[in-house]
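Asks: sharing a sequence plus its predicted fold:
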Amino acid sequence: MPMTTNSTPYSGENLPAGSPNPPSRPDPNVAGEKGQSLGREAWRRLKQNKAAMASLWLLIVIALACLVGPYLLPWGLAEVDWNAFNVAPTLEGSHFLGTDANGRDLLARTLYGGRVSLSVALVATLVSLVIGVLYGAIAGYKGGRTDNLMMRFVDIMYSLPFMFLVILLMVVFGRNIFLIYAAIGAVEWLDMARIVRGQTLGLKRREFVEAAHALGVSNRAIITRHMIPNAIGPVIIYVTLTVPKVILLESFLSFLGLGVQEPLTSWGVLISEGTDMMQSAPWMLLVPAVFLALTLFCLNFLGDGLRDALDPKTR
Amino acid sequence: MPNFRRSLLSALALSTSLLATTLPAQTLDIGVMGELASFDASQVSGGVWESQVLMDVYEGLVKKAPDGGILPGMATSWDASEDGKTYTFQMREGAKWSDGEPVTAEDFVFGWRNMLDPENASKYAYMLYPVVNAKAVNVGDKPLDALGVKSLDDGKTFQVTLNSPTPYFIQLLTHYTAYPAPKHTAEKYGKQWVKLGNIATNGAFKPTEWVSQSRITAVKNPQYYEADQVALDQVNYHTTEDRNAGISRFRAGEFDILRDYPSSRYQWLRDNLPDATHMAPYLGSYYYVLNHREGRPTADKRVREALNLAARRDVISKQIMAGTFLPSRSFVPKGTDNYDVQTMELGEDMDARMAKAKKLLEEAGYGPSNPLHLRLRYNTSDEHKKIAIAMAAMWRPLGINVEMVNSEATVHYQTIQEGDFDVARAGWIADYNDAENFLTLLRSGVGNNYGAYSNPDFDALLDKAATTLDAEEREKILEQAEQVAMDDYALVPLLYYVSRNLVNPKMSGWENNVSDDHPSRWISIAE
Amino acid sequence: MLSYILKRLLMAIPTLLIVITLSFFLMRIAPGGPFDGERQLPPEIEANLMAAYHLDEPLPMQYLRYMGNLLQGDFGPSFKNKDFSVTDLIAQGFPVSLELGFWAILLALVIGLPLGIIAALKRNTALDYAVMGTALAGIAVPNFVIAPVLALVFGVTLAWLPVGGWNGGAWQNMVLPVIALSIQQIAYIARMMRASMIEVLGSHFIRTARAKGLSESKVILRHALQPALLPVLSYLGPAIAGIITGSVVIEQIFGIPGIGRYFVQAALNRDYTLVMGTVVFYGALIVLLNLIVDLLYSVLDPQIRYDD
C-alpha cells in the first residue's frame, strides 16, 4: 500500500507544486546563463554586507595571527618559564596573557592552539561538505531505489554512536591530528547528506526543475546547476554550524583526554584545562574562550552574509 | 565558609519523619571517585574507592582504627606459631551477619576459597598467595579444600597455614581480599547471594540501595556487635567522576566528605575552605619507569643517572602540583612502618647536577650530533600530563628530544608491559603497609616490573628478607635492597603521594592516616 | 502506512546486523583488553579471567556466541560492573537519559523555534541580532564549561538548586542538567529555524499567498511554518539520539545515572559486553527515531510520498 498524505486537509494554495496559480514561467536560472556570473554577483552582494565583511576581515586577522604570531612572540609552544607559573595577564614582562600551570606562555599556546583548531575545523568541514552535499543531492534527486540504498548506508553509519567510533579510531590507529580531521569529517558528512537530501526532495518537484527536465537538461547538470545552488542556503547555514561544532567536538575529545598530543594544543584543550581553573585562574579559561567565541561569531555573520549573497531567491 | 545548611536540613527532615528514634538520624554523604564493581570482594577491580564501601559493610579478622592502626575485628585474639607459619585466630563470640546468623570461621574459609576459586577469576587473588596451596588452588591444580585454612572448634577458631613466615600477614588481613563471605546465604541463593535483596553483611552497615553510576546507600547494621557505638544511621556513597563537580557538591553541602580533589584546586581550597581541606602523607610512590631492556638508551646506567640528576622534584612538587605531592628520592614511600627509606644520591646544587648529567650523556655517546631521543609515555590525567610536560622541559636542556605519548590507562599499561617505551609514568599505592609491597615491583621477571630491571643482588636480598623472622634484621635487608636499586638508578623516583580529602569540619572520628582508610563506623556528625 | 513501517523495521535488521558485526570486531582489534590495568595480573589469574568470559576462544566463536545470546535477549554480564548485567544497566540508565533528553529537547523546541521565527520575521533588525547573538553564545561555549558554571552559580553561590545527583528524578535535580543540555540545542534549532524560515518566506508560494491578500499571521502560521520546519525536523532525529546517549559530560558533571557515559567509559575500559550492549541499543534507537522523523516528514510535507 502506498503511503500518502493525501488525506491531510490541505487547501490548494498551500501546495507550491500543484498550486492553482503556478508561476507563469520557470525560474530564471533554469536557462543556466547565469552560471558564470554567479560567483561575481555573490561577491558583489557580500561586499555590501558590512557585518559579514567585518567578520571576514576579523577571521583573516585571527587566522594570520595564528599562522604568523607564534614567530613574533618571545616564548615558544613548549617553552617553560621556570619563574612564572600561573601568572595572570600583565603588560609588564613578556607574558601578556599570562601563563599556564606549567609556566608556558598562554598567548603563544593560544595561537598555536588556533592553528590546530582552525585546521581541524576547516579540513573536517570541507571533507564533510564535499561528501555530504554530493551524496545528499544525488540520493534526493535520484530517489527511489538509489535513494533508499544510499540512505540505508547513512542510517548504518548513523547507528554507530559517534563517540564510540572516534574512540575506537583513536585507539586502533593511535592518536594523531590527521586522524582527528578524518574521524570528525567522516562522521559530520552524514548530517550534511541528510539535510541536502531533504532539501533536494522538496526541490525536485518544484516547477523549475520539472521544467529543466522537460527541456532535456542532463541529470548531472540539474544536480549541479539547480539542486545544489538552490540548496545552498541551508547548506551554508549548516556549514557555519558545522565549523563551531567541529571545534567543539575536538574540545569534547580533549575533555575526555583524547585530544592532540602534548606539546601540541588546541583551543578545546586550553578551554578544558581552563575550566578546571576558572575560579583560581580565570584567564586560563577566558583567553582561549574569547578567541574561540570571536571566531564563531565571525563565522556566523559571514555565514549569514554568504547565504544572503548566494540565495537565488533573494537575487 | 562552606554551606552545610542543606545536609542539616535534610537531617532534620529525616529526624522528624523517624519519630520512633529519639536521636536525630545521622546521614553521611561521601563522594567517592568511582563505582564499586561488586559486593563480592572477589569481583572487585581494585579502585581505592571500592575499599571505602567494602570496609564499611564487611569486617575481616581485624579492622582499622580511625588512625589506620589495627584493632581486633571478627577475631578477638590471635597467636602465631614459633616458625611464623601458622596463625590461630579466636573468633569473636556473638558476632552476627546482618540477617542474625552468627559469623563463624566457616565464613572465612568460604570467603577465602571464594577469593581463590579459579571460576571467580578474582583479580586480587594473589594477595592470598602466602597461604599454603593458595596459588595451586587459584590456577586449578588443586581442589578448593586444599587451601591452608581451617575452621576448628565448631567455627570458633580459624587457622591459617602459610608457605613461609610472612611478617606482614596481619597487615594483609586488613585488605578486602581477606574478608569473610556469608556461607549460609551463598548456600541458599548460589551466585545470587551478592544481590542486594539477598545480601548479608557483617560490618557496621548493610547496603540497601544501589543506583548504578550514581549512589550506593547503606544503613546501620543493628546486628553489628558494636552497633550501639555506631553514630551514623545511613551512609550514601556518591559516584563522583568529575572531581571539580565533587568540590561544588561538597561546598553546597551535598557531600560531607569528598575522597579526592584535583591538585590544581588545592591552593584555592586551602584559602577558601581551610578547615575542610585535608592533605596527609599517603603510602604511594609516583615514579617514572626506565626501560632496562636491551637496545633502549635507558639500559645505560649513565643515561639513567643523568635523567635522575636533571629531574627537579621540588619544582614539580611545589610549583606544578601546588604541594599536593611530596618530592621523593626513594622508591618506598616515607612513612612505611618499620622502615627507613633509602634515597638516591643526587646532590643539591642544580648547576652541578646539570653539568654532571651533561657529562654522563656525552660519555654515553649522546651530544648535539647524536641527540638522545626518548619516548615518554603517560596515561590520561591532568596531573600526569602536567608532570610529563615539566619533566620533558627539564630534560630538554640536556639536548634530549622528548616525545610525549599520552594514552588511556588500558593502552598505557598494556604498552609498557610489552616494553614499548623508554620512560613511562607509573604509580603504586601500598596494598598493605610494608616496604616489601613496593620492592617486589623491582624483582626480576615480576609482571609489574614494567622496566624489566634485573639485579641478582637485589633479588637475593629480597629472597633473604622473605625468610627472615626477626623484624629488625628483615628491615635492614629490605633497606639494603632498596639501596641497591637506588645505586643502579633503576627508575626515576619522583614524588610521594599524599591523600587529599575534603571533610566537613563538624565531623569527628575522621583522622588523616597513611593508608587513607576511614571507616564510617567511627564517624559522627556534631549537630 | 502500516506496511511501510513494517518494511522499514524489517530493513532495520540488516542495518543492526552490520552495526553489531562492525562494532564487535572493531572493539576487539583495539589495543588493550578489559583486564589491562595499573597492576599486571599474574598469568594464572589472567587465564582464569579470559576463560570466565570466553575470551580465550577464537574470535569467530566468540562472535557466534555473542550473537546466539543476543538472539535470546541476553547482552551478557558487564566486565566492570559485576553485580549488574548489561541489560540491568541499560534498563536502569535509559529511563533517566530519556527523561532528561525529553525535557531538554522540549525546552529547546519551545524556546528555539519561536526565537528562530521571530528572528526571521525581524530579519536584520536589532531584535534579530540580539536573539541570534544570544543563541550563538550558546554554541560558542562548550557544555563542559556551561555545566560547572551553572552548578557554581545556582547550586553553590545562590544555593537554589542541588548541584548534582539524580534523586529519583526530582525536578530540582533536573533543572540544571536540562538547561545545560538544551542551551546548545536551543541555539542550533533557533538558527536552523531562522534560516529555513527566511528561505520559505522568499519562495513563490508565500509571495503568491501574500499577493492574494492573506493576513501576515495567516501566511506564516498556515503556509510558511510547515515547510520551514522540515530542515529542523531532519536535524531532530539524530539530535534526540545524540542528546539521549551523548550527554556524557552532563552526566559526569551532575552525577546523573544515565547511559551516556557507558559509551565513553565502556569503550575506554574495553568493557566489551557493555560497549556492545550500548551500541546495539543506540542502533535500535536511532533506527526508530529516523523512522519517526521520516513519518513526520511525510505528514509535514505532502510532496513526499512513500511509495512501495
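Replies: Looks like it came in fine. Numbering: from 1, shown residues only, chains lettered A, B, ... in the order given.
Asks: going forward, measure contacts between C-alpha atoms and count neighbours the same way
Replies: Will do.
Asks: name the residues that touch stretch B:29-48?
Replies: B:49-50, B:53-54, B:114-115, B:120-125, B:176-177, B:179, B:181, B:194, B:212-213, B:235-243, B:246, B:254-260, C:80-83 (CA atoms under 8 Å, 6 or more residues apart in numbering or on different chains).
Asks: likewise stretch A:221-239?
Replies: Counting by CA under 8 Å, 6+ apart, A:29-30, A:32, A:35, A:125, A:129, A:133, A:137-138, A:141, A:192, A:195-196, A:199-200, A:203-204, A:209, A:212-213, A:303-304, A:306-308, A:310-312, C:191-192, C:195-196, C:199 sit against stretch A:221-239.
Asks: now do the buried residues in it.
Replies: Going by neighbour count (16 or more other CA atoms under 10 Å in any protein chain shown), the buried part of stretch A:221-239 is A:222-223, A:225-239.
Asks: where does the prediction get shaky in the stretch 401-527 of chain B?
Replies: For the stretch 401-527 of chain B, no stretch is flagged by pLDDT under 70.
Asks: what does it have sitting close to chain C?
Replies: B:408, B:409, B:410, B:411, B:413, B:414, B:417, B:426, B:447, B:448 (CA under 8 Å from any CA of the partner chain).
Asks: thought the fifth one was touching residue C:37?
Replies: Yes - using CA atoms under 8 Å, residue B:413 and residue C:37 qualify as a contacting pair, with a distance of 5.9 Å.
Asks: these two: which has the busier surroundings?
Replies: For residue B:413 versus residue C:37, neighbours defined as other CA atoms under 10 Å in any protein chain shown are more numerous around residue B:413 (26 against 18).
Asks: what is the least confident helix or strand in chain A?
Replies: For chain A, using mean pLDDT, DSSP states H and E, the weakest element among its helices and strands is helix A:162-173, scoring a mean of 71.
Asks: hmm, who's touching that one?
Replies: Contacts for helix A:162-173 (CA under 8 Å, 6+ apart): A:176, A:179-180, A:183-184, A:187, A:258, B:411, C:26-27, C:29-31, C:246, C:263-264, C:267-268.
Asks: could you do stretch C:28-48 as well?
Replies: A:168, A:171-172, B:118-123, B:125-126, B:138-139, B:409-411, B:413-414, B:417, B:426, B:447-448, C:79, C:269-272.
Asks: at 7 Å what do you get?
Replies: A:168, A:171-172, B:118-119, B:121-123, B:139, B:409-411, B:413-414, B:447-448, C:269-271 (CA atoms under 7 Å, 6 or more residues apart in numbering or on different chains).
Asks: stretch C:198-217: end-to-end distance?
Replies: This stretch, stretch C:198-217, spans 15 Å end to end (CA to CA, to the nearest Å).
Asks: how about stretch B:223-238?
Replies: 25 Å.
Asks: what's near enough to touch whatever residue of the stretch 51-200 of chain B ends up closest to chain A?
Replies: Residue of the stretch 51-200 of chain B nearest chain A, by CA to the nearest CA: residue B:123 (24.4 Å). Counting by CA under 7 Å, 6+ apart, residue B:123 touches B:45, C:41, C:45.
Asks: which residues of the stretch 101-250 of chain A fall in helices?
Replies: A:106-142, A:144-159, A:162-173, A:177-204, A:207-214, A:219-221, A:228-255 (DSSP state H, counting those that start in this stretch).
Asks: nearest to residue A:285, of those helices?
Replies: helix A:106-142 (10.3 Å; CA to CA).
Asks: just say helix, strand or coil for residue B:287.
Replies: strand (DSSP: H, G, I helix; E, B strand; the rest coil).
Asks: report the beta-bridge partners for it.
Replies: Taking DSSP bridges, one obtains residue B:426, residue B:493 as the residues bridged to residue B:287.
Asks: next, count neighbours for whichever residue of the stretch 101-250 of chain B sits closest to chain A.
Replies: Going by CA to the nearest CA, chain A is nearest to residue B:244 of the stretch 101-250 of chain B, at 6.8 Å. Neighbour count of residue B:244, defined by other CA under 10 Å: 20.
Asks: per-residue pLDDT, it?
Replies: At residue B:244, the model reports a pLDDT of 91.
Asks: what of residue A:312?
Replies: On pLDDT, residue A:312 comes in at 56.
Asks: now residue B:34
Replies: For residue B:34, the predicted pLDDT is 87.
Asks: show me which residues of chain C sit near chain A.
Replies: Within chain C, the positions near chain A by CA under 7 Å from any CA of the partner chain are C:1, C:3-4, C:15, C:19, C:27, C:29-31, C:136, C:140, C:142, C:145, C:195-196, C:202-203, C:205, C:223, C:231, C:234, C:263-264, C:267, C:279, C:282-283, C:286, C:298-299, C:302, C:305-308.
Asks: picking up where we left off before, please indicate which of the contacts of stretch C:28-48 are buried?
Replies: A:168, A:171-172, B:118, B:121-123, B:139, B:409-411, B:413-414, B:447-448, C:269-271.
Asks: how about the helices in the stretch 151-300 of chain B?
Replies: Going by DSSP H, counting those that start in this stretch, the stretch 151-300 of chain B shows helices at B:169-172, B:183-189, B:243-251, B:266-272.
Asks: quick check: buried residues in the third one?
Replies: Translated: helix B:243-251. Buried residues in helix B:243-251 (16+ other CA under 10 Å): B:243, B:244, B:245, B:246, B:247, B:248, B:249, B:250, B:251.
Asks: now do the second one
Replies: Across helix B:183-189, burial judged by 16+ other CA under 10 Å covers B:183, B:184, B:185, B:186.
Asks: for that helix, what is the average pLDDT?
Replies: Helix B:183-189 comes out with an average pLDDT of 93.
Asks: one step back: pLDDT added to the contacts of residue B:123, as JSON lines?
Replies: What follows is the contacts of residue B:123, written out as JSON lines (pLDDT from 0 to 100):
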{"residue": "B:45", "pLDDT": "77"}
{"residue": "C:41", "pLDDT": "75"}
{"residue": "C:45", "pLDDT": "78"}
